[in-house]
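Peer 1: here are the coordinates; sequence isn't available:
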Ligand code: SDX
């Protein structure tokens, strides 16, 4: 962060003395006005619910240019990472700042592979859930429960603890998600197989049974690996901000990541892929493509509360680059499975075309986001709809832990403690119950 050759002067029309605020440059992207001393100098807070204009931290991990529709992980464009690298290389990049060479990739992948098993006690947590529990309810519980097993890596201020906790979380999330799935279908859990890739092992733990051999389909393996890369990190989104705020109290990394899982579940955030697929299913049931006009009319009617799920984004005011890559992955997987005529995919493309030509969406710069197509490709792979967000959490874990470790490693960080604009009652005395 460098001091800009610019200052912000805040002046007040009521005669309050004006204050000068420093302006800082990052490397790319908007400058920031440093308001840390504002309250001390003016007795006033800034007001920014939803943080539309607030930089909550400095970070060197992910950069998004919402107008250009650009997404960089440590400077590398997502289009190149998703097509020239795999998820293990992306994890190494997000955690350590550089893509590994062949030796480094082999060692990192081996380290992750050696941590894919969970403590045998973890299976007893699942027994407490109903079989029809939502996988995200299970995951919120299981991830938090990990902190009960790793007392050797819960001191977030210890760099070695942070390192091993990162590896354990990245390695164990697929195992936990697969266990959550097997529990809901009443099948036995499958142990990890160390000779498989990260994505291949997840497919194995999800769909293999003890009764017969299971062959990983390389096209599905590659598609899933790309889905993980596309979801790996995304700057200071709601769940990452949750992880940072939770971790800023010094709590252990497993608890902080569990908070991220809980936040991601919301339909406005990671839950949108499940909601988008359900939306497409509803339109299909109502009559398909010819019902799109009616649906769009509902979306435009503010009172309907209906949103076009998988569309719009707080930052992207252009096409989400991940959505483009997800659409391509959709075509590859549907082609591989002979599902080119998948009605939901055709419906999604028709809906996208209509929306992108409709003034309501154009004027609000609403484009497809990562969630619009991800549900279709996951459904084609055979992943049940309620598990979509759990897979998003699996992939985002590396981003959450990289961002958390970056914050803890920043000497400037403090516990996060926002203030408020108070609009409640003035001081008043209690009336005794007998007189109320
Ligand atoms: C993710 O932050 C991240 O980076 C998140 C994420 C990540 O990788 O971490 O990218 C993952 O969460 C993607 C977003 C998934 N959510 C959805 O697809 C749900 C549908 N989208 C909307 O809920 C909404 O677009 C948000 C929540 C994504 C963004 O909301 P904003 O920035 O607060 O936008 P807004 O509500 O201010 O919308 C501006 C206008 C409003 O209309 P007006 O008040 O101007 O008349 O656009 C409308 C909104 O009503 N609008 C939509 C819409 N999204 C916004 N109208 C219909 N359908 C939509 N999807």
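Peer 2: Structure received. On a predicted model such as this, the values are computed, not experimentally measured, just so you know. Numbers count the residues shown, from 1 in each chain.
Peer 1: Residue 274 is in contact with residue 385, isn't it?
Peer 2: Yes: Residue 274 is in contact with residue 385 according to CB atoms under 8 Å; the separation is 5.5 Å. Quick note: C-beta positions are derived from backbone N, CA and C, even for glycine.
Peer 1: Which residue is the nearest non-sequential neighbour of the single nearest residue of the stretch 251-400 of the chain relative to the ligand?
Peer 2: Among the residues of the stretch 251-400 of the chain, residue 312 lies nearest to the ligand; the distance is 2.3 Å by CB to the nearest ligand atom. Here the nearest residue to residue 312 in space, its sequence neighbours aside, is residue 366; by CB to CB, 6 or more residues apart in numbering that works out to 4.3 Å.
Peer 1: circling back: and the residue of the stretch 251-400 of the chain closest to the ligand, what is it in contact with?
Peer 2: Applying CB atoms under 8 Å, 6 or more residues apart in numbering to residue 312 gives the contacts 364, 366-367, 369.
Peer 1: just to revisit the earlier point, quick one: which of residue 274 and residue 385 has more around it?
Peer 2: residue 274 (27 against 15; other CB atoms under 10 Å).
Peer 1: Leaving out chain neighbours, which residue sits closest to the more buried one?
Peer 2: Spatial nearest neighbour of residue 274, chain neighbours left out: residue 388 (4.7 Å); criterion: CB to CB, 6+ apart.
Peer 1: In contact with the residue in the stretch 51-200 of the chain that the ligand sits nearest to: list those residues for me.
Peer 2: Using CB to the nearest ligand atom, residue 64 is the residue of the stretch 51-200 of the chain that sits closest to the ligand, at 7.3 Å. By CB under 8 Å, 6+ apart, the contact list for residue 64 reads 70-72, 234-235, 315-316.
Peer 1: Which of those fall in strands?
Peer 2: Under the assignment DSSP state E, the contacts of residue 64 contribute 70-72 to strands.
Peer 1: can you redo the residues you listed as a markdown table with neighbour count and pLDDT?
Peer 2: Converted to a markdown table, the ones in strands among the contacts of residue 64 look like this (neighbours: other CB atoms under 10 Å; pLDDT from 0 to 100):
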| residue | neighbour count | pLDDT |
| --- | --- | --- |
| 70 | 16 | 96 |
| 71 | 27 | 97 |
| 72 | 18 | 98 |
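Peer 1: pretty sure residue 6 is in contact with residue 21, am I right?
Peer 2: No: using CB under 8 Å, residue 6 is not in contact with residue 21, being 10.3 Å away.
Peer 1: neighbour-wise, which of these two wins?
Peer 2: For the pair residue 6 and residue 21, the greater number of neighbours falls to residue 21 (16 against 11), based on other CB under 10 Å.
Peer 1: what residues are up against that one?
Peer 2: By CB under 8 Å, 6+ apart, the contact set of residue 21 is 7-10, 33-35, 37-38.
Peer 1: rewinding a little: need the buried ones from the contacts of residue 312 selected in ChimeraX.
Peer 2: Here is the ChimeraX selection string for the buried members of the contacts of residue 312, based on 16 or more other CB atoms under 10 Å:
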select :366,367,369
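Peer 1: need the helices for the stretch 51-200 of the chain, in chain order.
Peer 2: Counting by DSSP state H, counting those that start in this stretch, one finds helices in the stretch 51-200 of the chain at the ranges 78-84, 87-96, 102-113, 122-126, 135-145, 159-185, 198-207.
Peer 1: got these as TSV, with mean pLDDT and mean neighbour count columns?
Peer 2: Converted to TSV, these look like this (pLDDT from 0 to 100; neighbours: other CB atoms under 10 Å):
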stretch	mean pLDDT	mean neighbour count
helix 78-84	97	18
helix 87-96	98	23
helix 102-113	98	14
helix 122-126	95	16
helix 135-145	96	22
helix 159-185	96	21
helix 198-207	98	23
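Peer 1: will you turn those into a markdown table that also has distance to the ligand?
Peer 2: Output for those, formatted as a markdown table (distance: least, CB to the nearest ligand atom, whole Å):
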| stretch | distance to the ligand |
| --- | --- |
| helix 78-84 | 11 |
| helix 87-96 | 13 |
| helix 102-113 | 22 |
| helix 122-126 | 27 |
| helix 135-145 | 14 |
| helix 159-185 | 16 |
| helix 198-207 | 19 |
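Peer 1: what about the closest residue in space to residue 58 that isn't next to it in sequence, distance to residue 23?
Peer 2: Of all residues not flanking residue 58 in the chain, residue 1 sits nearest, at 5.3 Å (CB to CB, 6+ apart). Remark: distance between residue 1 and residue 23 (CB to CB, to the nearest Å) = 11 Å.
Peer 1: Looking only at neighbour counts, state which of those two leads.
Peer 2: In this view residue 1 and residue 23 are compared by other CB under 10 Å, and residue 23 has more residues nearby, 15 against 12.
Peer 1: host element of the closest residue to residue 375 other than its chain neighbours?
Peer 2: Setting aside the residues directly before and after it, residue 375 is nearest to residue 277 in space (CB to CB, 6+ apart), at 3.3 Å. Using DSSP states H and E, residue 277 falls within helix 272-286.
Peer 1: What helices and strands are in contact with that helix?
Peer 2: Applying 3 or more CB pairs under 8 Å, 6 or more residues apart in numbering; DSSP states H and E, one finds that helix 272-286 contacts helix 292-300, helix 343-357, helix 370-381, helix 388-408.
Peer 1: Do it and the ligand come into contact?
Peer 2: Yes: residues of helix 272-286 are located near the ligand by CB under 6 Å from any ligand atom, namely residue 272.
Peer 1: now what about that helix, what contacts it?
Peer 2: Here helix 272-286 makes contact (CB under 8 Å, 6+ apart) with 267, 291-292, 294-295, 308-310, 343-344, 347-348, 351, 369-372, 374-376, 378-379, 385-386, 388-389, 392.
Peer 1: Any quick PyMOL command for the buried ones out of those?
Peer 2: Buried subset of the contacts of helix 272-286, written as a PyMOL selection, criterion 16+ other CB under 10 Å:
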select buried, resi 267+292+295+308+309+310+344+347+348+351+369+370+371+372+374+375+376+378+379+386+388+389+392
